[in-house]
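>>> missing the sequence, but the structure's below:
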Ligand code: FAD
């Protein structure tokens with residue numbers, strides 16, 4: 001069995017979601033290749049070659065694959081698909097965009113968001129907003145799988161795989177127009193070791209930033225938010241943690257004024273240590289919290305800031 005991992009990268013570095021997907025791939029086979037698509041992505045390919053356990057890296061360079069258009073990814077992957085029994089990619093925005101397309105073209109069912117590899121054809125994935133785990137067996141000859149990165153440890157560095165060029169596909173019916181990237185000095189929400197998240201209790205955008213930003217800066221944390229806080233305009237959309245936001249599993253997650261609705265828990269309950277600050281002792285967030293502080297964030301957060309020095 002041979003497996004192809006489609007790498008996740010930012011144009012200059014491989015994201016650790018790729019390392020985690022390689023771990024999932026290695027649970028399927030020891031023949032794991034990584035495909036890097038991009039423009040000027042030689043450095044990314046070289047970095048991918050250093051991931052332990054990778055057999056070889058395929059580099060597809062070109063304008064058409066510079067922006068991760070699903071049609072171009074598909075056109076690059078399909079000619080290679082005959083060499084592989086499984087194609088894996090992280091279950092992030094890009095992977096969720098192109099994996100179903102590749103699966104449809106291969107006439108197989110995509111297997112999404114796996115958290116465990118049981119065997120070559122059997123996988124575990126969360127359903128009902130993470131409230132239940134489903135074990136599924138696929139009879140398809142070729143598997144197209146998205147991997148939930150937070151469920152797998154990152155493959156170590158230390159490999160020295162060869163890098164080979166492959167043809168980049170074209171996307172004749174789709175053109176990249178523009179993108180707006182959010183610039184931040186803080187760690188990326190999905191990869192941060194500490195996340196501080198604010199909820200509806202914060203009451204306004206001004207209050208949200210006045211409370212959350214200094215705490216995040218003190219802890220070197222990323223800032224997240226509940227959907228209620230995002231919908232109310234207190235925090236930008238890309239802060240949202242949960243079923244319809246980002247799935248995070250940092251070492252420390254601090255939830256401030258968040259009730260702990262099931263859809264929010266779906267995005268953070270695998271965090272290693274969860275701290276909740278909520279004035280309602282019956283808030284569901286306390287059921288998943290390792291440390292719970294029942295109190296008004298207006299007094300608790302300043303005390304926390306003072307204690308942090
Ligand atoms: P609330 O539920 O209103 O909770 C606010 C909390 O703050 C309360 O517990 C209250 O006791 C506490 N509080 C108030 N004042 C203070 C104070 N001064 N000090 C301390 N505590 C205080 N939600 C997400 O977060 N992410 C998602 O991805 C998501 N996806 C969804 C998808 C679907 C299909 C649906 C239907 C819903 C989704 N939701 C999601 C919404 C979710 O159901 C909740 O509505 C939302 O998470 C509530 O946000 P909240 O906890 O900030 O607000």
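Done, it's in. Please read all numbers here as calculations on a predicted model, not as lab measurements.
>>> Off-centre distance for the strand or helix carrying residue 37?
With elements taken from DSSP states H and E, the one containing residue 37 is strand 31-38. For strand 31-38, the distance between its averaged C-alpha position and the chain's averaged C-alpha position is 18 Å (Cα atoms, centre = their mean, to the nearest Å).
>>> Next: stretch 135-144.
Per Cα atoms, centre = their mean, the displacement of stretch 135-144 from the mean C-alpha position of its chain is 22 Å.
>>> buried stuff in it?
Counting neighbours by 16 or more other Cβ atoms under 10 Å, one finds that the buried residues in stretch 135-144 are 138, 140, 142-144. Yep, even glycine has a C-beta here, placed from its N, CA and C like the rest.
>>> picking up where we left off before, residues contacting the strand holding residue 37, please?
Contact with strand 31-38 is made by 1-7, 9, 11, 14, 18, 22, 25-26, 44-45, 48-49, 51, 53-61, 65-66, 68, 72-73, 76-77, 80, 84, 161, 166, 168, as judged by Cβ atoms under 8 Å, 6 or more residues apart in numbering.
>>> What parts of the protein come near the ligand?
Along the chain, the residues adjacent to the ligand under the rule Cβ under 6 Å from any ligand atom are 199-201, 226-229, 240-245, 257-259, 261, 263-264, 267, 277-280, 283, 296-298.
>>> Just say helix, strand or coil for residue 179.
The three-state assignment at residue 179 reads coil, by DSSP: H, G, I helix; E, B strand; the rest coil.
>>> Check whether it really touches residue 69, as I assumed.
No - using Cβ atoms under 8 Å, residue 179 makes no contact with residue 69, being 11.3 Å away.
>>> returning to that earlier point: would you turn the buried residues of stretch 135-144 into JSON lines with distance to residue 288, pLDDT and secondary structure?
Output for these, formatted as JSON lines (distance: Cβ to Cβ, whole Å; pLDDT from 0 to 100; DSSP: H, G, I helix; E, B strand; the rest coil):
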{"residue": "138", "distance to residue 288": "31", "pLDDT": "98", "secondary structure": "coil"}
{"residue": "140", "distance to residue 288": "35", "pLDDT": "97", "secondary structure": "coil"}
{"residue": "142", "distance to residue 288": "38", "pLDDT": "97", "secondary structure": "coil"}
{"residue": "143", "distance to residue 288": "32", "pLDDT": "98", "secondary structure": "strand"}
{"residue": "144", "distance to residue 288": "32", "pLDDT": "98", "secondary structure": "strand"}
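>>> Among these, which one lies nearest to the ligand?
Of all these, residue 144 has the smallest distance to the ligand: 25.0 Å, by Cβ to the nearest ligand atom.
>>> How about the contacts made by the nearest residue to the closest one once chain neighbours are set aside?
Of all residues not flanking residue 144 in the chain, residue 103 sits nearest, at 3.9 Å (Cβ to Cβ, 6 or more residues apart in numbering). When contacts are counted by Cβ under 8 Å, 6+ apart, residue 103 is found next to 109-110, 144.
>>> cool, and residue 280?
Neighbouring residues of residue 280 by Cβ under 8 Å, 6+ apart: 259, 294.
>>> next one: the one 3 residues further on
With contact taken as Cβ under 8 Å, 6+ apart, residue 283 is in contact with 259-260, 276.
>>> between the residues you listed, which has the most around it?
The most crowded member of those, judged by other Cβ atoms under 10 Å, is residue 276 (25 neighbours).
>>> tell me which element that one falls in.
When elements are defined using DSSP H and E, residue 276 is found to belong to strand 273-278.
>>> Please point out which parts of that strand sit buried.
Counting neighbours by 16+ other Cβ under 10 Å, one finds that the buried residues in strand 273-278 are 274-278.
>>> again with stretch 76-89
For stretch 76-89, burial by neighbour count (16+ other Cβ under 10 Å) applies to 76-77, 80-81, 84-89.
>>> cool, stretch 286-298 as well?
Of the residues in stretch 286-298, those scored as buried under the neighbour-count criterion (16+ other Cβ under 10 Å) are 286, 288-289, 292-293, 297.
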